[in-house]
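Participant: No letters, just coordinates:
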Ligand SMILES: [Zn+2]
């Protein structure tokens, strides 16, 4: 038997070294005016936030950087995507934020409420939360002019993808030269002078195998398409099929046919080194397509995320 080594606290260990608060886990990427922070490794943790849009796709282990985000869009219940949900809600309550909102497949609503109830028994109080069940096609308003829409993906368990859509009211072109009073007069006559313009900003496909979701306009037109790309080895195609995940061959075939300006690939297995993953994809797609691809965990391309060193200390 190995002797048990006792670690003595070192003097000065209580001092907070600011450098140690620079988060080495989360990465940050910018796609035009969309900022993404996150972390995603298959089977370990997936959490991907667009803080300025106030949404976080899956919650992983609830890192501090995503606590200020008001909406978690929980794609499915697998632990690596959902483990931190109770902690996220509880921490928000602790730091004085409004209760967090969780959009999730309808079948997960009752289990999540039960989870919070059990935590209430453990902690002595129940954390406030807004849990919203979503079916494919359902829509939820994030804020005025911004909605989250759910779509069906293909993961073998209750599961959804989400699209964040910018919804704008625009003046119809035929009325563009009219003066203000003329427009008011037209409105009074009951004439519809505006139309709705929808711009899908981000499509998050969650964990999924290839499927009908590739055909949805809101997925195809998103400025940023977030796709899982779990497996890369030639003999892992079967493994991908069994787990309703995508192999790099699937991803290559899908993105070659799409016009999205940006693809962000997440959920890469720890078995595959980043440079190997990039090389494998580069061999399967044209240079033009490859130029539109970013691997989330490609730290060479990412910025570092500064953690909030002023976060309150919990007793
Ligand atoms: Zn999963």
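Facilitator: On my side now, so go ahead. Note that the coordinates shown come from a computational prediction; the quantities given were computed from them, not determined experimentally. Residues are numbered from 1 along each chain as shown.
Participant: Quickly check: stretch 258-276 near the ion or not.
Facilitator: No: shown here: stretch 258-276 not in contact with the ion (C-beta under 5 Å from the ion), separated by at least 8.3 Å. (Glycine included, C-beta is placed from N, CA and C.)
Participant: what mean pLDDT does that stretch have?
Facilitator: In this model, stretch 258-276 has a mean pLDDT of 95.
Participant: Kindly report the same for stretch 116-126.
Facilitator: For stretch 116-126, mean pLDDT is 96.
Participant: ranges for the helices of the stretch 201-315 of the chain?
Facilitator: 217-220, 237-242, 248-256, 274-284, 287-290 (DSSP state H, counting those that start in this stretch).
Participant: I'd like to know which of those helices is closest to residue 207.
Facilitator: Between residue 207 and the helices of the stretch 201-315 of the chain, the shortest gap by C-beta to C-beta is with helix 237-242, which sits at 11.0 Å.
Participant: Name the residues of the closest one that are buried.
Facilitator: residue 240 (16 or more other C-beta atoms under 10 Å).
Participant: of the helices of the stretch 201-315 of the chain, which approaches residue 303 most closely?
Facilitator: helix 274-284 (16.0 Å).
Participant: coming back round to it: out of the helices of the stretch 201-315 of the chain, which one sits most buried?
Facilitator: helix 248-256 (a mean of 20; mean count of other C-beta atoms under 10 Å).
Participant: Just want the angle from it to helix 274-284.
Facilitator: Interaxial angle of helix 248-256 relative to helix 274-284 (axes from the mean of the first three to the mean of the last three C-alpha atoms, to 10 degrees): 60 degrees.
Participant: and the longest helix for the protein?
Facilitator: helix 109-123 (DSSP state H).
Participant: List the contacts of it.
Facilitator: With contact meaning C-beta atoms under 8 Å, 6 or more residues apart in numbering, helix 109-123 is reached by 77, 85-86, 89-90, 102, 104, 126-127, 129, 131-133.
Participant: quick one on the thing from earlier: return the member of the helices of the stretch 201-315 of the chain having the minimum mean pLDDT.
Facilitator: Mean pLDDT per stretch puts helix 237-242 lowest among those, at a mean of 88.
Participant: residues in this structure within reach of the ion, list them.
Facilitator: Residues of the chain lying near the ion by C-beta under 5 Å from the ion: 78, 207.
Participant: ok, the residue in the stretch 51-200 of the chain that the ion sits nearest to to residue 269 distance?
Facilitator: Ranked by C-beta to the ion, the top residue of the stretch 51-200 of the chain for proximity to the ion is residue 78, at 3.5 Å. Distance of residue 78 to residue 269, computed by C-beta to C-beta, to the nearest Å: 14 Å.
Participant: again, but for residue 226
Facilitator: Separation of residue 226 from residue 269 (C-beta to C-beta): 17 Å.
Participant: Neighbour count for these two, which is higher?
Facilitator: More neighbours surround residue 226 than the other of residue 226 and residue 269, with 26 against 19 (other C-beta atoms under 10 Å).
Participant: Could you check how many residues crowd around the closest residue to residue 140 other than its chain neighbours?
Facilitator: Of all residues not flanking residue 140 in the chain, residue 148 sits nearest, at 4.9 Å (C-beta to C-beta, 6 or more residues apart in numbering). When neighbours are counted by other C-beta under 10 Å, residue 148 registers 25.
Participant: Please name every helix or strand in contact with the helix or strand of the chain with the lowest mean pLDDT.
Facilitator: Taking mean pLDDT, DSSP states H and E as the measure, the chain has strand 303-306 as its least confident helix or strand, at a mean of 73. Of the remaining helices and strands, those touching strand 303-306 by 3 or more C-beta pairs under 8 Å, 6 or more residues apart in numbering; DSSP states H and E are strand 22-31.
Participant: Thank you kindly, that will do.
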